[in-house]
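K.L.:
what's the 3D shape of this:
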Amino acid sequence: MATSPADYTVSRQAFRDRFLHYLRYVRGLEIGEAMPADQLAALQLTIRETLIDRAVATQRLHREREPKTVHYLSLEYLLGRLVENNLIATGLRGVVADVMTELGLDLERIVDEEPDPGLGNGGLGRLAACFLESLATLDYPAFGYGLRYDFGIFRQEFSGGWQRERPDTWLKDGYGWEIARPDLTVAVHVGGTLGASHDDGRKHDSWTGARLVYGVPHDVLVAGYGTPTVSTLRLWKAEAPDEFDFDVFSKGDFLSAVEGREKAEAVTKVLYPSDEAEAGRELRLTQEYFLVACSVADVVRRFRERQGERWDSFPEKVAFQLNDTHPALTVAELMRVFVDEVGLPWEKAWSLTRASCAYTQHTVLSEALETWPVALMQRLIPRHVEIIYDINKRFLEQVGAVRPGDPDRTSRVSLVHEDGERRVRMAHLAVVGSHRVNGVARLHTDLLRREVFPDFAQMWPERFVSITNGITPRRWLLACNPRLASAISTRIGDRWIRDLECLRDLLPHADDMGFKDEFLAIKRANKIDLANLAQTLCGVAIDPDSLYDVQVKRMHEYKRQLLNAMHIIALYRRLKADPHADVTPRTFIFGAKAAPAYRMAKLVIRLINGIAEVVNADSTVADKLKVVFLPDYRVTIANAVIPAADLSEQISTAGMEASGTGNMKLALNGALTIGTLDGANIEIRDAVGDENIFIFGHTAEEVAQLRQPGRHNPWDFYRADPELAGVIDALRDGTFAGRDAGALREIWTALMQHGDRFMHLADFRSYADAQGRAGGLFRDRRAWAARAIRNVACMGYFSSDRAIREYAREIWNLAPVPPGAHQ
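P.N.:
Below is the predicted model:
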């Protein structure tokens, strides 16, 4: 039976005393003087005491048992606020609520002070956060590694409908959850030159002239639910060797005195600096290497402390999981350490490296498969370029032995693209240097085998496995939707919190009139909360009795926020032509950030805000249509949007979404999905049944056929569908563009003159018809509720706990280390 978190909690009096202690001795304040920010700081430190005690005990247990440990490398982690999650995980939620009430403090007001850590952008980072939480909950030995960005991605504002990027100053008041570990600082060398190599690249003479950057770790403790196990997320901050050059400063050259420090600290200043300029590309590559170099050094240090020089046992104790291509340099860095520092023969080093590394591939878009110019890499990491060329030489010899006389295949699989500018293919490096490569949904993995890495899959079919993504139910139901979580536990008990498959016990209640009415009341309460947020953020009043049609995800053309916008235009035009048209009242809710350099994505944001401006100002449609674009979408806003959603937009062009996890979160909280057969939508359809999801559009195979020469002409769809033609004409004429009609005409050009790569017109009619079915069903609220409840009940498979168990079994060969009685 699962251990309750309450078994490891502290008393109310003890918590109260520690809270007041931190308020006085860290913030220097009495309770009556403290502002919410001070209260938050004291609360975080008090909760952190419990986490530290458990983390120390967890590490002690691991030192005693010496288990294999997985090290998860990711350039992104979208943690969200941690107060509520840590209170739930530690079993302190009730204690803290009582203490705050006794002290006359508002816990919700304190929680609202907490910033979202600016450590990620989209699903990649949120998946990493879910995985760390599941690893701790399931007692698997694990470390997460990432970068401690000063400003994260950016804070999004809208001005004149356009996205404006502002610095995300999430660290301006410090971060109460982190623990600095300067004692574990790592020295990283960047740049410089190599001396002559000998012995076929196995030993280099010297790497000289490199500048030094220090990686200072800051640990964030990740608590498991129902267990005292705590995992560590280690975030690296870049620092210069010296604060400033005192001699230069003394001579009056004040700016030059700190130039080295500024250059070093820029490495962890911002997530994903723009790569439009050479300096931005150099910084991005430096970030990736910095993450890898710091993390590998940390893992090797810990291995040596416990295993000495028994390098043959390295893969038995160490697993690296590379979350997308960003950490692919782990392969080259491990080889550098094994060959140059440890002195292992090349073949032994390669065997250990490949047995230790595994790679998760998150895309099928060729432009998203990272490559780096060889010239740039030689400037920054010359030894690693030499190692990559040696890996490639041996690999291509192997390919030639298996498939002689096939130069095209050799060119396709080479780690170095030689046509034009020489570039290192990072995905190829990760595939060749890993013992397992996994996709993140069944369709995605099939596409990896057939289209993205077909030559590699033919060579090593056993290397490719499929592990569908998952989400943690602790954050994405228990914490973010307490009303629904309580109702579920009242009906079927709370075992679902650690075993989401138990939600299947909810299926009979989908036909229970009382539960359907309770479900609808909960949904409406959540929708009122979101309406209040929309009023605050957007100044728009929305009707909680309307259908909340939600699309919240990273802004990208393949995710097709534009298709959603086209449907809104169609509905608006219907109502303008006939005010009594049969249109179910809807509120369209968007949340998305566009990469600063991604012009088309920013044009779509401007279009949606233009549609919102026109629609929301038109009193003739006020009772039927509203559009809101919530600015600065992040985990905290997701916590409000997801429990309130009625309809979940998962409408990517089929064959282009790897998996998606927003689809899982929304379905788990009782939204019905409208989507294409793409990513994990397919598995959601299989789980919930065709009657409980709205599927539309061309399949991945049909999209591939349409892309054949002469098979796809958007004008054919335009001419065949008068409603669609009216929508396209509105895009051309700038109906929703205001003063920006000229700029937004680029959207029309992409659709009608550049071939509509993402099949908006091809899928429009099928999408509009599916939307009509959804609107019709919504009018029968109890029928809608029954289908929504069935969605919730069938989401057990999509837990990150299940995904982590599959990684542990199929990739890492990792066993849990139950804590027993330790605390």
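K.L.:
Please identify which helix or strand holds Ala128.
P.N.:
Ala128 belongs to helix 123-137 when elements are defined using DSSP states H and E.
K.L.:
same question but for Glu649, I mixed them up
P.N.:
strand 647-650.
K.L.:
Then Thr363?
P.N.:
Under the criterion DSSP H and E, no helix or strand holds Thr363.
K.L.:
these two touch, right, it and Ser659?
P.N.:
No. Assessed by Cβ atoms under 8 Å, Thr363 is found out of contact with Ser659, at 10.3 Å. All C-beta atoms are positioned from the backbone trio N, CA, C, and that covers glycine.
K.L.:
between those two, which one's more packed in?
P.N.:
Of the pair Thr363 and Ser659, Ser659 is the one with more neighbours under other Cβ atoms under 10 Å, namely 27 against 23.
K.L.:
in what helix or strand does the more buried one lie?
P.N.:
Going by DSSP H and E, Ser659 is not in any helix or strand.
K.L.:
avg pLDDT for stretch 130-140?
P.N.:
Averaged over stretch 130-140, pLDDT sits at 98.
K.L.:
Over to stretch 222-235?
P.N.:
Stretch 222-235 carries an average pLDDT of 97.
K.L.:
gap between it and the chain center?
P.N.:
Distance of stretch 222-235 from the chain centroid (Cα atoms, centre = their mean, to the nearest Å) equals 19 Å.
K.L.:
Quick one: end-to-end length of that stretch, please.
P.N.:
One end of stretch 222-235 to the other measures 13 Å (Cα to Cα, to the nearest Å).
K.L.:
Over to the nearest residue to Glu278 once chain neighbours are set aside. Which of the three states is it?
P.N.:
Distances taken as Cβ to Cβ, 6 or more residues apart in numbering place Leu376 nearest to Glu278, at 7.9 Å, with adjacent residues excluded. Classification of Leu376 by DSSP: H, G, I helix; E, B strand; the rest coil places it in helix.
K.L.:
was I right about Leu376 contacting Arg281?
P.N.:
Yes. Counting by Cβ under 8 Å, Arg281 is a contact partner of Leu376 at 6.4 Å.
K.L.:
between the two, which one's more packed in?
P.N.:
Leu376 (19 against 16).
K.L.:
Tell me which other helices or strands the one helix or strand Arg261 maps to touches.
P.N.:
Secondary structure from DSSP H and E places Arg261 in helix 259-265. Packed against helix 259-265 by the contact rule (3 or more Cβ pairs under 8 Å, 6 or more residues apart in numbering; DSSP states H and E) you find strand 211-223, strand 230-239.
K.L.:
residue ranges for the strands of the stretch 251-400 of the chain, please.
P.N.:
For the stretch 251-400 of the chain, applying DSSP state E, counting those that start in this stretch gives strands covering 318-323, 357-360, 371-373.
K.L.:
Equivalent analysis for the stretch 51-200 of the chain, please.
P.N.:
Going by DSSP E, counting those that start in this stretch, the stretch 51-200 of the chain shows strands at 69-73, 142-147, 155-159, 162-166, 178-180, 186-190, 193-194, 197-198.
K.L.:
Asp632 is nearest to which of those strands?
P.N.:
strand 155-159 (4.4 Å; Cβ to Cβ).
K.L.:
and that closest one, average pLDDT?
P.N.:
Averaged across strand 155-159, the pLDDT comes to 97.
K.L.:
Mind listing what's buried along it?
P.N.:
Within strand 155-159, the residues that qualify as buried are Arg155, Gln156, Phe158, counting by 16 or more other Cβ atoms under 10 Å.
K.L.:
Then stretch 801-818?
P.N.:
Buried-residue list, stretch 801-818, by 16+ other Cβ under 10 Å: 801-808, 811-812, 814, 816-817.
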